[in-house]
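*Asks:* What shape does this take:
(4 chains)
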Protein chains: 2
Amino acid sequence: MRCAGGSEAISEGQRAAKSPRERILIAARELFYRHGVHAVGVEAIAETALTNKMTLYRHFRSKDDLIVAYVQQLATEGNEVLDRILAENLDSPQKQVDAWVDFVEDVLTNKFERGCALANAAVELDTGHPARAVIEAYKQRKHDRLVELFRAARYHDPNQLADEVFLLFEGARISIQCGGKGPASRVVGMLRGLLASRPRLVEV
Amino acid sequence: MRCAGGSEAISEGQRAAKSPRERILIAARELFYRHGVHAVGVEAIAETALTNKMTLYRHFRSKDDLIVAYVQQLATEGNEVLDRILAENLDSPQKQVDAWVDFVEDVLTNKFERGCALANAAVELDTGHPARAVIEAYKQRKHDRLVELFRAARYHDPNQLADEVFLLFEGARISIQCGGKGPASRVVGMLRGLLASRPRLVEV
DNA sequence: CGAGAATGTTACCGATCGGTAGCAGTATGT
DNA sequence: ACATACTGCTACCGATCGGTAACATTCTCG
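*Replies:* Numbering: from 1, shown residues only, chains lettered A, B, ... in the order given. Prediction:
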């Protein structure tokens, strides 16, 4: 029940980030993800960001506002990562798919993984919290982009394939922190097998 | 950020439950699930249970102790539900599988569903919390029981099938509360299709 | 009945929560 | 050099947090 307090060492990123606002968002990203949005107080975030509560409240109207910014930051970065993966493999949709699976593998084998930060935040937030809308929009968009990716790679029934892949990924991330580490550790292999054996509209 | 406080109406179950301990566990189950373990204070639980903080602390050494009991209660009930499903369909493993899928459908279409309570709790709890061990053991056991169920139903490669089904289910439950409602609403159909098209050791 | 255990009630503790006032210091651009 | 804006700092607010002391009340069961 205890959160880390101010004893967090100065993160590498903190020196580089000039503006207090950036440092606060970096600190929020770390602490909110590691301990949950409710277990971390604004003071701990301010201290980790090498600033103080007052400056924090000059940039964010309330803690809920900061939570929204935290979630928006994650959603933006998530979209940008996918943008980059797709942009780096413009020559072939199949390579885009493979690159995305490689990325999934990286995420799931990261030993600091504590599940999807957005899903974790949604779990802690009441239904009416403004951050929930951001999270839901992001997940919806992510699913839709998977559909388009699979359609471009000429998979048969890209909608259902995206459903399956999406849910397997989500299930793996949540399972990492609640025991079923077995299935989560095998999901990448499953994904590759699934994608390799799926019918296509044309053979490549 | 605000939890419901004492305004919760007296739940139906509260009158029937005699002992304060039972009432407290019922209240904890409701409030912890709905708002998260960190967002609910012990006082709110005591009031919802039609008792007071002092009595609560006579039955549970601390809030963390109550959280462990809450999680243990959920794990026990989860195991019992599966026990019952299997016991009611002893004549055929295939009927056991079908009955379990029907149960999954009930869970996912329950409009009060806010994901798996155990997974949600794990998200909020630090890695060293004693409740985490209970959660992990339960999920591990659940996965193992799925393997045995599929093996009894003579599915080919019951290990991988259990992995897939387990992750799809977990993914669906977490997705219900963070937007991807589309995929979650279609997962039962996916499961039925998956199970119907899977190779078996013998035809029935 | 009567005795002992379990419950209810109230008031309290120190700590921490989210959030703010006020002022001193430090960049910044012109 | 100057005004302006931003930042740091300290001290504080009321509320709530988890947890406890002391005592009155009720229940249970021999």
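*Asks:* For the residue of chain A found nearest DNA strand D, the count of nearby residues, please.
*Replies:* Shortest chain A-to-DNA strand D distance, computed as C-beta to the nearest atom of the strand: residue-wise this is residue A:54, at 3.1 Å. For every residue, glycine as well, the C-beta is placed using N, CA and C. By the criterion of other C-beta atoms under 10 Å in any protein chain shown, residue A:54 has 8 neighbours.
*Asks:* Return the distance of the helix or strand harbouring it from the chain's centre.
*Replies:* Secondary-structure element containing residue A:54, defined by DSSP states H and E: helix A:53-59. Averaging C-alpha coordinates over helix A:53-59 and over its chain gives two centres that are 26 Å apart (C-alpha atoms, centre = their mean, to the nearest Å).
*Asks:* can you check stretch A:97-114 too?
*Replies:* For stretch A:97-114, the distance from its own C-alpha centre to the chain's C-alpha centre is 11 Å (C-alpha atoms, centre = their mean).
*Asks:* cool, and stretch A:165-183?
*Replies:* With C-alpha atoms, centre = their mean as the basis, the distance from the averaged C-alpha position of stretch A:165-183 to the chain average is 14 Å.
*Asks:* how far away is residue A:148 from DNA strand C?
*Replies:* According to C-beta to the nearest atom of the strand, to the nearest Å, residue A:148 and DNA strand C sit 39 Å apart.
*Asks:* now swap in residue A:102 and tell me
*Replies:* According to C-beta to the nearest atom of the strand, residue A:102 stands 38 Å off from DNA strand C.
*Asks:* before we move on, back to that, do the helix holding residue A:54 and chain B meet at all?
*Replies:* No: legend: contact between helix A:53-59 and chain B by C-beta under 8 Å from any C-beta of the partner chain is lacking; minimum distance shown is 15.4 Å.
*Asks:* Which neighbouring elements make contact with that helix?
*Replies:* On a contact count with 3 or more C-beta pairs under 8 Å, 6 or more residues apart in numbering or on different chains; DSSP states H and E, helix A:53-59 meets helix A:20-35, helix A:42-48.
*Asks:* helices or strands up against the last one?
*Replies:* So that's helix A:42-48. With contacts defined as 3+ C-beta pairs under 8 Å, 6+ apart, helix A:42-48 has these neighbours: helix A:20-35, helix A:53-59, helix A:63-87.
*Asks:* Just say which of the ones you listed is most tucked in.
*Replies:* Among those, judged by mean count of other C-beta atoms under 10 Å in any protein chain shown, the one packed with the most neighbours on average is helix A:20-35 (a mean of 21).
*Asks:* quick one: that one to chain centroid distance?
*Replies:* Taking C-alpha atoms, centre = their mean, one finds helix A:20-35 lying 14 Å from the centre of the chain it belongs to.
*Asks:* you'd agree residue A:21 is up against residue A:58?
*Replies:* No: under the criterion of C-beta atoms under 8 Å, residue A:21 lies out of contact with residue A:58, with a separation of 9.0 Å.
*Asks:* ok, back up a step: DNA strand C is nearest to which of the helices and strands packed on helix A:42-48?
*Replies:* Each of the helices and strands packed on helix A:42-48 was scored for nearness to DNA strand C using C-beta to the nearest atom of the strand, and the closest is helix A:63-87 (3.4 Å).
*Asks:* Tell me if the closest one is near DNA strand C.
*Replies:* Yes: contact between helix A:63-87 and DNA strand C, assessed by C-beta under 7 Å from any atom of the strand, occurs at A:63, A:64.
*Asks:* Just want the angle from that helix to helix A:20-35.
*Replies:* An angle of 90 degrees separates the directions of helix A:63-87 and helix A:20-35 when computed by axes from the mean of the first three to the mean of the last three C-alpha atoms, to 10 degrees.
*Asks:* For residue A:20, see how far away the residue of chain A closest to DNA strand D is.
*Replies:* For residue A:54, the distance to residue A:20 (C-beta to C-beta, to the nearest Å) stands at 10 Å.
*Asks:* Tell me which other helices or strands the helix or strand where residue A:187 lies touches.
*Replies:* Using DSSP H and E, residue A:187 sits in helix A:181-197. With contacts defined as 3+ C-beta pairs under 8 Å, 6+ apart, the secondary structure elements packing on helix A:181-197 are helix A:93-109, helix A:158-177, helix B:130-152, helix B:158-177.
*Asks:* Export those helices as JSON lines, with columns for mean neighbour count and mean pLDDT.
*Replies:* Below are those laid out as JSON lines (neighbours: other C-beta atoms under 10 Å in any protein chain shown; pLDDT from 0 to 100):
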{"stretch": "helix A:93-109", "mean neighbour count": "17", "mean pLDDT": "97"}
{"stretch": "helix A:158-177", "mean neighbour count": "25", "mean pLDDT": "96"}
{"stretch": "helix B:130-152", "mean neighbour count": "19", "mean pLDDT": "97"}
{"stretch": "helix B:158-177", "mean neighbour count": "25", "mean pLDDT": "96"}
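*Asks:* Make CSV from those and add distance to residue A:82 to it.
*Replies:* Supplementary listing: the helices and strands packed on helix A:181-197 in CSV, determined by distance: least, C-beta to C-beta, whole Å:
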stretch, distance to residue A:82
helix A:93-109, 7
helix A:158-177, 13
helix B:130-152, 29
helix B:158-177, 18
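*Asks:* Generate a markdown table for the ones you listed, with distance to DNA strand D as supplementary columns.
*Replies:* What follows is those, written out as a markdown table (distance: least, C-beta to the nearest atom of the strand, whole Å):
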| stretch | distance to DNA strand D |
| --- | --- |
| helix A:93-109 | 33 |
| helix A:158-177 | 22 |
| helix B:130-152 | 13 |
| helix B:158-177 | 22 |
